[in-house]
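Trainee: Dropping a prediction and its sequence here:
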Amino acid sequence: MTNFVSTLRETRRVARAIAATIRNPLEALPPAVYEEPILHTRILKRAMIHVMDPALIQELLVGNAARLDKGRAVRRALSPALGDGLLTAEGASWRWQRQAIAPLFRPDRVQALVAPMIKAAEDCRDRLRAHGPDRLVAIEQETARTTFDVIVETMLADATFDTDTMIQGVSNYVRQTNWSLASNMVGAPQWLPHPGKRRAEKSNAIMRRQINAHVAARRAKGARDATPDLLDHLLSARDPETGRAMTDSEITDNLLTFLAAGHETTALGLAWTLDLVGRHPGVAARARDEILRVTDGGPVAPRHIAQLGYLKQVFNEGMRLYPPAPMISRQAQEAFTLDGVTIEAGSTLVVPIGVVHRHSALWTDPERFDPERFSPEQEKARHRYAFMPFGAGPRVCIGNIFALSEAVAILAVLLRDLDFAPALAVPPRPRMDITLRPESSLLMRVSSRRLH
Ligand code: HEM
């Protein structure tokens, strides 16, 4: 009888965890993650460890990186779209791709890409001005369009993608990933249908067709007389072990990876930050003072971006409260010890970035929006991994410097010329679909501050 009752309880607990994962994986987190440095649980007999303490996160993602891979859940959710691209590849395949692509993201190279970032931000500003102050704007759609323009312009210079189809395609795909995570939890077969899966497959096929056409056109054109872009790097990459080039399918996997990972995250970080700034006039005024001082009242130029220190603090604080990638996970490939406890091979390890960013042991008054937390003095006083929107260790976001330059450039152009007034009394709740999206649109009224 005792056995029956405990099985029933366990079944109920798992059913609740699955339902919550489908609704919003952040709601499926055990409440103790907000209090504890590390939490060991089991789900259907499989070990699951949540790691919140920054020093343990470092021990896990940096010290034990070689013993981890992204795991079944991530592969199941993302590989149908991203195949064996940089985000989902493992081992030697990942290493080769990372080495081939890394030169594109060196700080000096990123600096050369700031001009198109500013141009895309100015186009966004002009679109918003054209709407006028009476129309409600779903700001996450505007930032998505802007960051998509940036990624195409900077990484795939001569591509002619249909922007709306591509943005909608990525959105259709990520919106059903929670079902994949939940199916993986119960070991359901991959072919099992779930809501949104057919639409995601269709979107995926359409996006891949557009990308394949672009790759074929570039191959037909041959060498270009321009600074090598992402596609040039992928086409010329050679595996150091075998000497082979990437197949067309591997190239498409990577282009899709960069189009998706490279626009959604930054767009969401910007949208949540604009909502926060709109609710904090003191922060908006200080940011604007800085922009006007640094630009001397003129237009924003690439040389200004590194000097906009307060604006970077504002974006970091936006990402602290709303990390665009709020959770990362790994699977142990072999046993190792963490915090003196054995982690069995096969265990799932979760770093809930959003929880770390609001953990009461790490932050004073964690729910409060306060860009001062990222002043150089306060940053120095904190553990490096108390704030980790870009992940950590060898799989850290390859686009982190790019994303920060882009976000500061876009915020500088928008906040200099426009006022953002959120239309909802309280912000919509965040919901995780791989990325952290607002449950309903971040609606705003946008008005011009000055005319040029
Ligand atoms: C604010 C913006 C961004 C955030 C918060 C963000 C966040 C992240 C995080 C947390 C990871 C690590 C995932 C893991 O460990 O499982 C990651 C990886 C990655 N990101 Fe970003 N990202 C952003 C912007 C970008 C941009 C702009 C690009 C490309 C232009 C990009 C491309 C990638 C790629 C390709 C990976 C996989 C790297 C690897 O595994 O070697 N991301 N990102």
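Mentor: That came through, no problem. Numbering: from 1, shown residues only.
Trainee: mind listing what the residue in the stretch 351-452 of the chain positioned nearest to the ligand touches?
Mentor: At 2.4 Å from the ligand, residue 399 is the closest residue in the stretch 351-452 of the chain, using CB to the nearest ligand atom. Where C-beta positions appear, they are placed from N, C-alpha and C, glycine not excepted. Neighbouring residues of residue 399 by CB atoms under 8 Å, 6 or more residues apart in numbering: 105, 258, 261-262.
Trainee: Recalculate using a threshold of 10 Å.
Mentor: Taking CB atoms under 10 Å, 6 or more residues apart in numbering, we find residue 399 in contact with 101, 104-105, 110, 151, 155, 258, 261-262, 265-266, 390, 406.
Trainee: same thing with residue 218?
Mentor: 156-159, 224, 229, 231-232, 234-235, 251.
Trainee: What distance do you get for it to the ligand?
Mentor: 18 Å (CB to the nearest ligand atom, to the nearest Å).
Trainee: measure the closest residue to residue 186 other than its chain neighbours to residue 78 for me?
Mentor: Spatially, and ignoring its direct neighbours in sequence, residue 186 is nearest to residue 18 (6.4 Å; CB to CB, 6 or more residues apart in numbering). In this view, residue 18 and residue 78 are 19 Å apart by CB to CB, to the nearest Å.
Trainee: pretty sure the residue nearest to residue 186 is in contact with residue 187, am I right?
Mentor: No: Residue 18 is beyond contact range of residue 187, at 11.5 Å (criterion: CB atoms under 10 Å).
Trainee: so what's in contact with the two at the same time?
Mentor: residue 44.
Trainee: These two: which is more packed in?
Mentor: More crowded of residue 18 and residue 187, by other CB atoms under 10 Å: residue 18, with 20 against 9.
Trainee: Give the phi and psi angles for the more buried one, as a check.
Mentor: With angles defined as degrees, to the nearest 10, residue 18 sits at phi -70, psi -50.
Trainee: Could you measure from it over to residue 183?
Mentor: 9 Å.
Trainee: How about the secondary structure of the residue positioned nearest the centre of the chain?
Mentor: When CA atoms, centre = their mean is applied to the chain, the residue found nearest the centroid is residue 265 (3.5 Å). Secondary structure of residue 265, reduced to three states by DSSP: H, G, I helix; E, B strand; the rest coil: helix.
Trainee: cool, residue 49 as well?
Mentor: Residue 49 ends up strand, using three-state DSSP.
Trainee: Surely it touches residue 349?
Mentor: Yes: with contact defined as CB under 10 Å, residue 49 counts as touching residue 349 (5.1 Å).
Trainee: Mutual contacts of the two, please.
Mentor: By CB under 10 Å, 6+ apart, the residues touching both residue 49 and residue 349 are 38, 60, 330, 332, 338, 343.
Trainee: what's the helix or strand for the closest residue to the ligand within the stretch 101-250 of the chain?
Mentor: In the stretch 101-250 of the chain, the residue that lies nearest the ligand is residue 151 (6.0 Å; CB to the nearest ligand atom). Using DSSP states H and E, residue 151 maps to helix 139-155.
Trainee: Residues of the stretch 151-300 of the chain that sit close to the ligand?
Mentor: 151, 257-258, 261-262, 265-266, 269 (CB under 6 Å from any ligand atom).
Trainee: try 5 Å this time
Mentor: 261-262, 265-266, 269 (CB under 5 Å from any ligand atom).
Trainee: closest to residue 147 among these?
Mentor: Checking these against residue 147 with CB to CB, the nearest one is residue 266 at 4.6 Å.
Trainee: ok, that closest one - contacts?
Mentor: By CB under 10 Å, 6+ apart, the neighbours of residue 266 are 143-144, 146-148, 150-151, 315, 319, 324, 399, 402-404, 406-407, 410.
Trainee: What is the least confident helix or strand in the chain by mean pLDDT packed up against?
Mentor: Every helix and strand in the chain was compared by mean pLDDT, DSSP states H and E; the lowest is helix 2-23, with a mean of 75. Here helix 2-23 touches strand 38-43, helix 177-186, strand 430-433, going by 3 or more CB pairs under 10 Å, 6 or more residues apart in numbering; DSSP states H and E.
Trainee: Now the weakest link among those, please, by mean pLDDT.
Mentor: For the helices and strands packed on helix 2-23, mean pLDDT drops lowest on helix 177-186, to a mean of 80.
Trainee: before we move on, the earlier item: can you lay out the residues of the stretch 151-300 of the chain next to the ligand as a markdown table showing distance to residue 288 and pLDDT?
Mentor: What follows is those, written out as a markdown table (distance: CB to CB, whole Å; pLDDT from 0 to 100):
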| residue | distance to residue 288 | pLDDT |
| --- | --- | --- |
| 261 | 31 | 92 |
| 262 | 28 | 90 |
| 265 | 25 | 96 |
| 266 | 21 | 98 |
| 269 | 20 | 98 |
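Trainee: how about CSV for those, with distance to residue 82 added?
Mentor: CSV is the format used below for those (distance: CB to CB, whole Å):
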residue, distance to residue 82
261, 8
262, 12
265, 14
266, 18
269, 20
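Trainee: Nearest to residue 446 among these?
Mentor: Nearest to residue 446 among those: residue 269, at 18.3 Å, using CB to CB.
Trainee: Low-confidence stretches in the stretch 251-400 of the chain?
Mentor: Under the criterion pLDDT under 70, no range of the stretch 251-400 of the chain is flagged.
Trainee: any chance you could map the helices in the stretch 101-250 of the chain?
Mentor: Secondary structure of the stretch 101-250 of the chain by DSSP state H, counting those that start in this stretch: the helices cover 107-111, 114-131, 139-155, 163-174, 177-186, 197-221, 230-236, 248-261.
Trainee: Of those, give the one that comes closest to residue 418.
Mentor: That would be helix 114-131 among the helices of the stretch 101-250 of the chain, by CB to CB, at 6.0 Å.
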